[in-house]
Each structure stands twice: as structure tokens, then as C-alpha cells.
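> what shape does this take:
(2 chains)
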Amino acid sequence: MNLKKKLGSGLGQLLIPLIALAILLLFNLFRDPGFFSIRIAVNNAGNRVLTGNLISIIDLASELAIIAMGMTLVTAACGGQDISVGAVGAISGAVFVKMVQNFGGLNAGTFVLALLLAILVTILFKMFNGSLVAVFKIQPMIATLILYSCGRSIAYWINGDATPQLTSPILTAIGMTIPGIPVPTPIFLVLIVGILLALVFKFTNISLYTQSVGINQGAARLNGINPIAIKLLSFALLGVCVSVSSLIGISRLGQLNHKTLLVDIEMDAILAVAIGGNSLGGGKFKLSGSILGAYIIQMLTTTLYAMKVSPENVKAYKAIVIIIIVVAGSPVVKEKLTTLWKRLRSGAAARKEAA
Amino acid sequence: MQNDVVLKMRGIVKQFPGTRALDHVDFTLRKGEIHALMGENGAGKSTLIKVLTGVYGKDAGSIWIEGGGDEAHIHSPQDAQNIGISTVYQEITLCPNLTVAENMFIGRTSGSVVHWKDYEKRADELLKNLGIPARAKQELSRCSLAVQQMVAIARAVDMKCKVLILDEPTSSLDDKEVAMLFGLMRDLKARGVGIVFVTHFLEQVYEVSDRITVLRNGQLVGEFTTEELPQVELVAKMMGKDLNDLADFEAVGEKSTGANEVVYEASGLSSSECRPYDFNIRRGEVNGFTGLLGSGRSESVRAIFGADRVTGGKVRIKGKDVKITNPHEAMKNGIGYLPEDRKRDGIIADLSVRENIILALQVMKGFFHPMSKAQMTQFADEYIKALKIKTASQDTPIKSLSGGNQQKVILARWLLTHPDYLILDEPTRGIDVGTKLEIQKLVLKLAEENMSVTFISSEIEEMLRTCSRLIVMRDRKIVGELKGEQLTQSTVMKTIAGGEQ
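Residues are numbered from 1 along each chain as shown, chains lettered A, B, ... in the order given. Down below sits the predicted model:
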């Protein structure tokens, strides 16, 4: 009974993404049990690391998972999505690289300083988006369209170089593994961001306020909540997420490519939010759903590559599967499934009685 | 007489899930008359008009229109227009960025090549003819609201309409503009157009209309000629009272709040939605704002809470000068406000009953001081029991509760903040009789516990039962203050109607 209750309320939203994930895992299990093998190998830097499809899925989804968390907050508060996260990520990366170069090299001190400055600049850019949305009541997609189209040019201007190189043991440790720890570092960064957000949720009212503003802004205001402040806050937190993801992206390659850093991630992030069962119209949300969504998207990509689908075709197959997941999670299908389930149960009960 | 009839509706029934919005309503419109359609909110005025204009289908009844054969079949707004029924809605539904002529003829031009020159000429003639101060080539957005409204009417008139429906045409116009509009209406009347005039402003009804049809709760109260229906009787009919029954209504005993100190005091308080007014309330007092819908009673109390943009006025709370410009400041000063429109302004539909109950208190505690789940559960439990809220659990989304229980949740939300002064705007609207009584009793109990309450209700008995002082509003102005022996139904209605004192 207790479990059922939990399934009904807490897990309800996560049910569809969990089923999707389970189906993907089962599919891979039947297709090729070797898909799940995890080995220890030595990487380019000479560290012993865990390798295998599962590890790489969780590793490669890190940037997406982190941005999806921020995107969930913006979606919930504003009832719309930010499509400039990739471009602003490039700006964040450019600021980071510029600062590192200005400081004359990377060490623990300059790294922290450069990262903090990059985060600060990113928050400012996101506050610009946020004020268009919150104060001027422009639709989020339109408000962020400006930076979506010019963000990467701004990133280029900051450095005046298409692909500045950055090599440092610190970046290797962030983009790959910390010597002695065989698990890729980005996985820990997702954990850290997740825990930090969880703490923010625990020690502030941001979750209650954000949902109230997203569901009924007018009523929220009449209860003393400031909808403008809440929307700005959601954009600011998204800014932090974007900066961290941008750092991971740069660290993986050891260079900043302003054209490809976090490219197309905005659409995947929106998808992750949707697959996680969150309403894109705002209101109630679950961060865990979006994180799950991010891993599902990456698992799908990795599965398709493992099936030797050519890169040109991957996107088409991905689209088909995603459509199925999103439709399965839509309110219409959910309602149909619920009635079907109820009818099956009452039918079973009737048969039992007859017997 | 019968020959004059241009529109006849008989036995119109319209059923919505759960309610019968129109219950065998008759309506007759004659040539060249201005016919006011009156009734309180939910009386069925707009439903009747929507049936007539084809927005809703009717469930029973029939409609005849002059020259339209046996029976008119209206299935869409287009049908209605084709048989000569035109409507001008409260909000202007023209395109502000097109010219006046374009607005008048758009969608009605014939052929694929449009000779705008000809149309502009026709438009200018018509405007001149009707005395509308606008030119055909002018962009519509450059005209005043009243002129825009008149252009909409001109468009309707040019479509050879026999029936012109004006739905709250004056609500956003000032006095001069209203006079202009009335001039045009009289002109059209002289040309034989039948005009249905829907409004909340009583004085306007008496200024222009020839006949009045009153609806109440989806039923026809009656049709009257304006001359034979005194204003006070109209109010009584809209509220469902017979004046003869009112004489023996019991007066409420005066509560001895006169000696208590003033808790809240405002002078010259005004907002973007209400004119400056003075107001005060004492500790343990229950007072009320009364008046017809649209009289400005809700707007006035919203100004107290800072719900609209406050534009002026001095506010003193317990003798200290304070500034209240937004709801949060009002809450910090011990004011609570239950809004008129529960769905739009009250409930956070998808959130649980628990979250809806603790919301205001949580906001007052501050962003960095979230309550523990245990504390929330305890508070919610306490008020679910105290107010007998019927809900499956605390986790149930508030939207799946009945209207009365939703209202109790919002009430619980404000009681939990322990305000000194609680404003209840229509707390009993749209809920069952039992709950209505519970809420009234609760208000009196709160006052005994020294809370000050402002209570607004469309039902005068409710206010007489609970309030010791009534502030009466008409057409957005305070027109009287009643207390003691004046608190009888007939005095209240006479004051609301005005003119007859």
C-alpha cells in the first residue's frame, strides 16, 4: 500500500522516463550483453580508468545533465525555455580562457579566480535574458534568441582567436580523471551541482516560490511573492550551471572551440526537461526527472553508435525514439493508460468475484 | 405592436455541466428601442447573448427574427451576422494598426480586386452620417477608445443590422465619451435599429434605455418599461428580493466596537483601479463594502492590500504611519486578503492542499526560513480539522477540491498568518449554502477574538448578518455609510440604487 502510494504521487512523474530507461537497458542486454562490460584501462595521461559504454554514457551526459537542471528551474518559473545556453556557454568559456591567459597561466589560484569571473559574467548575461522575460514579459524563447544568434560571435571577440589552446593538469583532471580515481571527473561534477541545488532547495523556499509563480503568477504575487525576483533567480542559477558545463567542455578538449563548445545543447536540454515528465508550460517540476532525461538522451545516442548507425542517421533515429517517449508521457496518453489500467483491474476483480 | 417586433427569443435553455445557465428565458426586442439587459454576475446575460450570436448552441427554445421566415437557425457568429444581428463587445475587436475604413470593410469586400478609394468614400459618408468624429484614412489606434467603439458600431450598422448588441460598451469610457456614445445610440434608435444594451451602470440604463429585461440565476425575472420601474425596484429584482417583504427584516444588533481603537485608517487612498477614498476599521469590527458588481467595491479593498498599483493616500496602522505598495508590505503589517476570484487570484491549482495552506505564512517567515515538512503537516492538519475541509489528503492538489473547500483552504491560508485585519472579498461566492453559513459564523467568531474583518458579498442578507457598518458604493464612488438602525435591506437597496432617498 505504501509503495503504491509512493508510486502514485512521488514516482508518478518519473514512471515514464524510468520505463524508457529500462527498455533501453533491456534492448541493449538482448542486443549485445557485452554492451555492459566495464574494464579498467590506462588512458593517454597514464591513469588507470574505468571504461565501458555505461561509464561513457554517464560521463558524456554530464554537461547536458547540469544544464538540464538549470533549464528545469527557468522552465518552471517562466513557462518557457532558454535557447541561448550553448552560445552563452561559449561566452563563459571565452571569459575563462581570457582570464587564464591574462593571469599568465593556470594554477589552483588563477583557476578558481578565472572560473568565478566566468560564472559572474555568465550570470550577468543570464540576468539580461531574465529581465527581458520577467520585467518586459517577452516570451523566453524570443528573449534568449538574441544571445542564441550572437553569443558565439561575442565569444570570438573576447579572445580574437577561433580555438585558443589550454593545457594544464588541472584541466585534464576535470575533463578526464583525477589521478588515482578511476571514475571520470565530470560525473562527480554532476553530483556536486545536484547536491548544491538540493541544499539550496532545502535551505530556501525557492522550490515552493518557483512552482507558485509558474502555476499562478497573480496569486503568487497576492501571497507576497515577487515573481520578477523569482524569475531572475532561476536565470541566475541556470547561468551557474552553464558555466560549469562550459568548463567541462573546455577541459575535455584542452581547447576552446567557440563554434562547437556545447553546440546544440539547448535543444537536448529542453528535451531532457520534457522527457523527465516536467511541463514545458511551467509550474510543478522535478529536477531528478530532467537529470534522468539527460541520461536517457545520451544512452540513446551511445546505443545507436554502438549499433553502427552512421552519424548522419543517428539524429533521425533519435528523433523517432524521443517522439515515442514524449507522446507516452503526454497527458492524453497518460489519461488513456490510467483508464485502461483501472478497467483491467476492475475486470480482474469482477472475474475474481465470479470465480 | 406585434409588427414592431424585430427579435423574439422564447423558452431558451442552455445547460452547462453542473449548472443550467439559462432556464426557459424569453426576450423580445422591438424596432427602434434601446433595451437594457440587466442582472448580477452569473444571471445569464452573457450566455443569452452568446446564444443569440451563435457562439453557443441552445439546448431548447426558439429564436425568430423579423423577415427571417419561421425560425432563425443560428449556428455560428457568421449566421447571426447574415441575418442581421451584430455585436460590439466590451473589448474592442478591431485591428488598431489598420485604418478606419479598412476596419469597417475588412472581410466584407467583394471580388479579388479591392477598390479602397471607393470604400474610403463610403466610410467617410457613413461616419459623417452618424456624426462620428473620425476620418476614413486615419489609423484606428489614433482614435480615442470611444471613437474606436463607435467605428465598431458603424461597421455593424453598415452591415444592415436589425439587431445591435452592445456588451458593456461604456466600461472603459469617461463621462464625455459615454455621452458621445449615447448620442450615436439614440441616432440609430431613430433609424429603427433595435439595440440590446448590457451594462452594470444603473444610471446609464435610466439615461438611454426604453425597456429593461431582468435576469436572475438563469431565469427571467421580467420585462419592464424603464419609466415604470423605479431604480430601487430594479435593484431589488436583480437581487431577487420583493420590496414588500423587506419591511419586516430584522436588524442586526449593534456590536459595541465603537470604543475600540482604530486598527487601520486610510485617507485619500487610491490605486490605478480606484478613486481616492477614506476608510477606517476598529479592532473587532466587521464592516463591509456593498454595491452592485462593477461599483468599485473590490477595487477599493484591493488598494488596501496593495494588490493594484497604489497611486496615493495616507495609511495609518494602529496609529503609526505606514506605506503599503505591495501585498508583501500589507502582509507584514498584519493584513490578509482573500481575493474575489478564487480561481484566478487565490488557489495555486497544481500545488497540494498543504502547500496552499502554508503559502502565505511561509512567505512571511522569509525566503531563507523554510518550514520543516513536519511543521507544515501540523499546520495543515490543524486547519483542515478546524475548518472541516473535505480533502482526500494533504497531498491532494487543491484543484480537485470542490469550490467551497478550495475557499476554506484559502481562508485557512490567511487565518494561519494570524492577521489583525482580514479582508474577505466574496468569500461565499459559488459555494454551497452550508459552507456559506460556516464562513459567516467564522467571521463573527474572529471578530469576537478581536480580529477586524472587511466582508464583501453580493448577498445583502449575509452582509446584514455579519457587518455592523456598511459602506455603499455606486459607479465607483462611495455614496453612503450605513450603521445601526439603517442596516435594513430596503435602506441598503435604496442607497445602492440612489436617487430615491
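
> residues making contact with stretch B:319-326?
With contact meaning C-beta atoms under 8 Å, 6 or more residues apart in numbering or on different chains, stretch B:319-326 is reached by A:221, A:224, B:261-262, B:304-306, B:309-310, B:314-316, B:329-330, B:333, B:335. For glycine as for every other residue, the C-beta is placed from the backbone atoms N, C-alpha and C.

> most widely separated two among those residues?
Checked with C-beta to C-beta, the contacts of stretch B:319-326 reach their widest spread between A:R221 and B:E261, with 31.0 Å between them.

> so B:G268 touches B:C274, yeah?
No: between B:G268 and B:C274 there is no contact under C-beta atoms under 8 Å: 11.4 Å.

> neighbour count for those two, which is higher?
For B:G268 against B:C274, the residue with the higher neighbour count under other C-beta atoms under 10 Å in any protein chain shown is B:C274, and the figures read 23 against 12.

> the residue nearest to that one when sequence neighbours are not counted in helix, strand or coil?
Among residues not flanking B:C274 along the chain, B:E299 sits closest, at 4.0 Å (C-beta to C-beta, 6 or more residues apart in numbering or on different chains). When the structure is split into helix, strand and coil by DSSP: H, G, I helix; E, B strand; the rest coil, B:E299 lands in helix.

> tell me which residues touch B:E299, please.
Counting by C-beta under 8 Å, 6+ apart, B:E299 touches B:271, B:273-274, B:308, B:476.

> show me where pLDDT drops low in the stretch 201-350 of chain B?
Scanning the stretch 201-350 of chain B with the threshold set as pLDDT under 70 gives B:241-258.

> close to chain A: what parts of it are there?
For the stretch 201-350 of chain B, the contact set with chain A under C-beta under 8 Å from any C-beta of the partner chain comprises B:305, B:307, B:326-328, B:331, B:337, B:339, B:344-350.

> among those, which are located in strands?
For these, membership in strands holds for B:Y337, with DSSP state E as the criterion.

> on that earlier part again, could the contacts of B:E299 go into a markdown table alongside secondary structure?
Listed next are these as a markdown table, based on three-state DSSP:
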| residue | secondary structure |
| --- | --- |
| B:S271 | strand |
| B:E273 | coil |
| B:C274 | strand |
| B:D308 | coil |
| B:R476 | coil |
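
> farthest-separated two in the residues you listed?
In those, the most distant members under the criterion C-beta to C-beta are B:D308 and B:R476, with 13.4 Å between them.

> do I have it right that B:E462 meets B:T428?
Yes: distance between B:E462 and B:T428: 6.2 Å, which falls inside the contact criterion (C-beta under 8 Å).

> shared neighbours of these two, anything?
Taking C-beta under 8 Å, 6+ apart as the contact criterion, the common neighbours of B:E462 and B:T428 are B:436, B:440.

> so the two - more neighbours on which side?
The residue with more neighbours, out of B:E462 and B:T428 and counting by other C-beta under 10 Å, is B:T428; that gives 23 against 20.

> just the buried residues from the contacts of stretch B:319-326, in PyMOL please.
Selecting just the buried residues from those in PyMOL takes one command, with 16 or more other C-beta atoms under 10 Å in any protein chain shown as the test:
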select buried, (chain A and resi 221+224) or (chain B and resi 304+305+306+310+315+329+330+333+335)
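
> out of the contacts of stretch B:319-326, who's nearest B:E66?
For the contacts of stretch B:319-326, with B:E66 as the reference and C-beta to C-beta as the criterion, the closest is B:R309, at 48.6 Å.

> alright, I will stop here.
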